[in-house]
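Trainee: sequence and predicted structure, then a few things I'm wondering about:
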Amino acid sequence: MTLDAVADDAGVSRSAIYRRWASSDELVLDVLDHALGQLPGPDPTVASEAFWSDVREGLRVAVAGLSNPVEHGAIQLWLGRLTHQPKLHRRYWERRVKPRRERAIESLREAAARGQVADARDADLLIDMLAGVLLYRYFLTPQELRKDESDEQWLDRLADLAERLLSPGPPSGDGDA
């Protein structure tokens, strides 16, 4: 993508583009905000009595996006660019990541207050760990190494583990100690 091509497609001059956006990356960020704001995405706000099934559904939506080759490639390319542009990286964090992270943390705390989660003192760390697991699987683990288990099976194991670790009461299990 070049600004010349964008200007041509929009029927405006390149200087008109620069009056609105300082760089092509800032333009892309606004396009992403617009496009992602209209796509169904994981809603980290889980405020229902069906807390764990809502968590699973949110994870399914996230996995669907991360495992889609087009979305995966776009995310990977964009993440690579952000690491070299601190201002743009901060803007992306503030507009795309931080609001969802904060809603997820608050949902976990509310679930703890309702007794659906045993402990949410480290809700921020738990949310970051879950995001890290997703990024690890879809950006660091080669696809051929993920073939022994489908995304659905993996997601079920991940959600089961989270529920076992976070649910109040004694851990459920096979009785093996």
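Mentor: Okay, I see it. Small disclaimer: the values here were computed from a predicted structure and weren't measured.

Trainee: looking at the chain, which helix or strand is least sure?
Mentor: In the chain, the helix or strand scored least confidently by mean pLDDT, DSSP states H and E is helix 24-38, which has a mean of 70.

Trainee: what's the closest non-adjacent residue to Asn131?
Mentor: Wrong residue type there; residue 131 is Ala, not Asn. Counting by Cβ to Cβ, 6 or more residues apart in numbering, Ala131 lies nearest to Arg101, which is 7.7 Å off, once chain neighbours are set aside. (C-beta placed from N, C-alpha, C; glycine too.)

Trainee: would you quantify the distance from the one you found to Leu108?
Mentor: 11 Å (Cβ to Cβ, to the nearest Å).

Trainee: helices of this protein, start to end?
Mentor: 3-10, 14-20, 24-38, 51-67, 69-82, 86-92, 98-113, 123-135, 151-166 (DSSP state H).

Trainee: burial count for the residue lying closest to Gln76 once chain neighbours are set aside?
Mentor: Nearest residue to Gln76 in three dimensions, chain neighbours excluded: Phe139, at 6.3 Å (Cβ to Cβ, 6+ apart). Applying other Cβ atoms under 10 Å, we find 12 residues neighbouring Phe139.

Trainee: equivalent analysis for Val117, please.
Mentor: With other Cβ under 10 Å as criterion, Val117 counts 24.

Trainee: for it, what are its contacts?
Mentor: Phe51, Leu108, Ala111, Leu166, Ser167, Pro168 (Cβ atoms under 8 Å, 6 or more residues apart in numbering).

Trainee: got the phi and psi for it?
Mentor: phi -130, psi 140 (degrees, to the nearest 10).

Trainee: hang on, the earlier thing: do you know how far the residue nearest to Gln76 is from Gly80?
Mentor: As judged by Cβ to Cβ, Phe139 and Gly80 stand 10 Å apart.

Trainee: again with Ser15
Mentor: 29 Å.

Trainee: what do you get for Ala104?
Mentor: For Ala104 relative to Gly80 (Cβ to Cβ), the value is 25 Å.

Trainee: go on, Val28?
Mentor: 13 Å.

Trainee: those two - which one has more neighbours?
Mentor: Neighbours were counted for Val28 and for Gly80 using other Cβ under 10 Å; Val28 has more, 18 against 9.

Trainee: which ones are touching Asp156?
Mentor: So Asp156 contacts Arg56 (Cβ under 8 Å, 6+ apart).

Trainee: give me the neighbour count for the closest residue to Arg157 other than its chain neighbours.
Mentor: Nearest residue to Arg157, sequence neighbours excluded (Cβ to Cβ, 6+ apart): Glu149, at 7.7 Å. Look at Glu149: counted by other Cβ under 10 Å, it has 11 neighbours.
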